[in-house]
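Asker: need a 3D model of the following:
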Amino acid sequence: MGDAKRPVDWAEGEWWNEPVRVEDGPAGELLVEPAEGSDLWRHTSYGFVHDDAPALLAPFPVGDAMEVAFRLDYGEQFDQAGVLVRVDERNWVKAGVEVSDGQPQVGAVVTREASDWSVAPVPEWAGRAVTVRVSRGPDALTVRARADEGPWRLVRLAPLPPEAVAAAGPYCCSPTRAGLRVRFTGWWRGPADAALHPED
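Answerer: Take a look at the predicted model:
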């Protein structure tokens with residue numbers, strides 16, 4: 001995105017599912033506390049439907065990319081933060097870092113009637129600034145993530161029809177406990193990536 005990206009003010013988003021608490025941080029951060037038991041999931045393996053994670057969403061048309069940054073300073077089972085791309089309750093993608101099996105995992109859940117889940121361990125990201133980038137092309141979402149100013153890592157490529165009306169922005173949830181506070185440090189918008197793979 002380079003110089004073409006612009007900051008998105010927190011006030012430009014609308015809450016889908018209000019969090020327990022929202023506070024402005026001293027350096028422009030947004031501190032968000034999700035409710036205990038909040039989650040996003042549909043059916044697969046677990047047999048339940050959760051659709052109650054707080055997310056701050058803004059319109060996300062074809063040709064746009066969004067980036068959300070947060071501090072990876074949480075560590076309880078299934079604590080998570082990142083970006084939600086939502087069409088409706090049966091069609092959405094969440095991507096970010098979730099604590100699972102004792103360590104942070106970068107991954108994504110793609111839901112079309114039923115959810116799937118892919119993760120990869122990133123224990124070296126603990127305590128660092130993580131940025132998740134979602135780029136919307138003509139028929140797909142490309143999800144990338146990085147820690148600090150490190151290289152972008154491809155997380156997921158997922159289909160999304162061009163006619164789908166979507167919104168996107170920062171989300172977090174805490175399926176197993178109360179008291180999680182996620183420190184979001186930035187939100188940006190810019191043009192979608194021109195290519196899936198960087199050129200040499």
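Asker: where does pLDDT dip in this protein?
Answerer: The model of the chain has pLDDT under 70 over residues 1-3, 198-200.
Asker: please identify which helix or strand holds the residue nearest the centre of it.
Answerer: Centroid check for the chain by CA atoms, centre = their mean gives V83 as the closest residue, at 1.7 Å. Applying DSSP states H and E as the criterion places V83 in strand 80-88.
Asker: same check, this time on V119
Answerer: strand 118-121.
Asker: which elements pack onto that strand?
Answerer: Packed against strand 118-121 by the contact rule (3 or more CB pairs under 8 Å, 6 or more residues apart in numbering; DSSP states H and E) you find strand 103-112, strand 153-159. Any C-beta I mention is one placed from the backbone N, CA and C, and that applies to glycine too.
Asker: for stretch 146-155, buried residues please.
Answerer: In terms of neighbour count (16 or more other CB atoms under 10 Å), stretch 146-155 has its buried residues at 146-147, 155.
Asker: now could you export just the CA positions of that stretch as CSV?
Answerer: Listed next in CSV are the C-alpha coordinates belonging to stretch 146-155 (Å, rounded to 0.1, in the frame of the first residue of the first chain):
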residue,chain,number,x,y,z
ARG,A,146,3.4,-9.3,10.0
ALA,A,147,5.1,-8.5,13.4
ASP,A,148,6.6,-5.0,13.7
GLU,A,149,8.0,-3.9,10.4
GLY,A,150,8.9,-7.5,9.3
PRO,A,151,8.0,-9.0,6.0
TRP,A,152,4.4,-9.6,5.1
ARG,A,153,3.4,-13.3,5.5
LEU,A,154,0.6,-14.7,3.3
VAL,A,155,-2.0,-16.1,5.7
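Asker: what sits closest to W10 if chain neighbours are left out?
Answerer: L30 (5.1 Å; CB to CB, 6 or more residues apart in numbering).
Asker: quick revisit: which of the buried residues of stretch 146-155 lies closest to N91?
Answerer: V155 (18.8 Å; CB to CB).
Asker: mind listing the helices for the protein?
Answerer: Taking DSSP state H, the chain contains no helices at all.
Asker: P161 reaches P138, doesn't it?
Answerer: No: P161 lies out of contact with P138 (CB atoms under 8 Å); the separation is 9.4 Å.
Asker: what is the end-to-end distance of stretch 59-76?
Answerer: Chord length of stretch 59-76, first to last residue, is 31 Å (CA to CA, to the nearest Å).
Asker: which parts of it are buried?
Answerer: 60, 64-72, 74.
Asker: farthest-apart pair in these, please.
Answerer: Farthest pair in the buried residues of stretch 59-76, by CB to CB: D64 and Y74, 28.1 Å.
Asker: if you tally nearby residues, what's the number for E98?
Answerer: Around E98 there are 23 other residues, counting by other CB atoms under 10 Å.
Asker: that one touches P104, doesn't it?
Answerer: Yes: using CB under 8 Å, E98 makes contact with P104 at a distance of 7.4 Å.
Asker: list the contacts for L30?
Answerer: By CB atoms under 8 Å, 6 or more residues apart in numbering, the contact set of L30 is 10, 22-24, 56, 170, 183-184.
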